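S.K.: Got a predicted structure plus its sequence, pasted below:
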Amino acid sequence: MSDPEGISSSGGAPVNDPGVVHEVQVDEAFLTRISLIDDQPLGDRAASFGQLADELRAHLEGTDGDVRRPGA
């Protein structure tokens with residue numbers, strides 16, 4: 001039998017419940033980088049976030065980071 005929508009398989013609180021607090025460890029260098037990107041002009045910001053997304057994807061996929069975006 002499947003779990004009801006929004007309920008964790010462990011029978012706990014709904015996954016999307018805004019009252020549930022999840023602890024997340026955040027790398028300060030990552031937050032600094034996000035802040036620096038956010039302060040850039042729009043065009044530069046888009047390119048920087050695109051590069052960051054490529055780096056994160058490469059990290060998650062375990063590749064060497066040589067990911068090329070179409071048109072880049």
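M.R.: Perfect, I can see it now. Residues are numbered from 1 along each chain as shown.
S.K.: show me where pLDDT drops low in this structure?
M.R.: Residues of the chain meeting the criterion pLDDT under 70: 1-16, 64-72.
S.K.: those helices in it, which residues are they?
M.R.: 28-38, 42-61 (DSSP state H).
S.K.: how about these in CSV, adding distance to residue 21 and mean neighbour count?
M.R.: To be clear about C-beta, it is placed using only N, CA and C from the backbone, and glycine gets the same treatment. Below are the helices of the chain laid out as CSV (distance: least, C-beta to C-beta, whole Å; neighbours: other C-beta atoms under 10 Å):
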stretch, distance to residue 21, mean neighbour count
helix 28-38, 19, 11
helix 42-61, 24, 12
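S.K.: Look up how far residue 41 lies from the closest residue to residue 37 other than its chain neighbours.
M.R.: Excluding the flanking residues, the one nearest residue 37 by C-beta to C-beta, 6 or more residues apart in numbering is residue 48, at 4.3 Å. Distance, residue 48 to residue 41, by C-beta to C-beta, to the nearest Å: 10 Å.
S.K.: for residue 18, phi and psi?
M.R.: phi -70, psi -10 (degrees, to the nearest 10).
S.K.: count of neighbours near it?
M.R.: The number of residues packed around residue 18, counting by other C-beta atoms under 10 Å, is 6.
S.K.: and if you look at the one 4 residues further on?
M.R.: If you count neighbours by other C-beta under 10 Å, residue 22 ends up with 5.
S.K.: Same check on the one 5 residues further on?
M.R.: Each residue near residue 27 was counted by other C-beta under 10 Å, and the total is 8.
S.K.: Residue 19 too?
M.R.: Based on other C-beta under 10 Å, the number of other residues close to residue 19 is 6.
S.K.: swap in residue 20?
M.R.: Residue 20, neighbours per other C-beta under 10 Å, totals 11.
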